[in-house]
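Chemist: sequence first, predicted coordinates after that:
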Amino acid sequence: MDEDNPIDEISQIEARLDELAEVSERCRKIIVVSKAAIAGGSALLMVTILGLIGFNQVTTIGAIAVVIGGIVSFGSNVSTLQETVAAMSAAEMLRSDLISGIDLRLVGDRTMKRL
């Protein structure tokens, strides 16, 4: 029964690592979208300020809102990604410790017979 406990715990840690990997991938995608929003909003704001398109207050406020939203989303997801990576590192270290604590048997160098 003692042998099953570390194995079950390792399985739970691996499931948690899969969840954390999904969270980190989602954060990375949102970070890319946030960067695009910041760049697009900034470009629209500059085009409006330079007068390349007609000055429109709604466009200007919208561009500012997109830039601010992108900055907030970027910062939030970067910190979440950092926390997720730290949690993944801790879980991997725990999994490694549990695996090294298991009494593993070495398999001999026997050749398999064909049936």
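Modeler: Alright, I've got the coordinates. Numbers count the residues shown, from 1 in each chain.

Chemist: Ser34: what's it in contact with?
Modeler: Gly70, Ile71, Ser73, Phe74, Asn77 (C-beta atoms under 8 Å, 6 or more residues apart in numbering). The C-beta positions use only the backbone N, C-alpha and C, and glycine is treated the same way.

Chemist: name the nearest residue to it, sequence neighbours excluded.
Modeler: Counting by C-beta to C-beta, 6 or more residues apart in numbering, Phe74 is the residue found nearest to Ser34 once chain neighbours are left out, at 3.8 Å.

Chemist: and the one you found, what element?
Modeler: helix 57-101 (DSSP states H and E).

Chemist: mean confidence score for that helix?
Modeler: Helix 57-101 comes out with an average pLDDT of 93.

Chemist: helices and strands around that helix, which ones?
Modeler: helix 4-50 (3 or more C-beta pairs under 8 Å, 6 or more residues apart in numbering; DSSP states H and E).

Chemist: now the helix it packs on: average pLDDT?
Modeler: In the prediction, helix 4-50 has an average pLDDT of 92.

Chemist: now find how far off-centre that helix is within its chain.
Modeler: For helix 4-50, the separation from the chain centroid amounts to 4 Å (computed by C-alpha atoms, centre = their mean, to the nearest Å).
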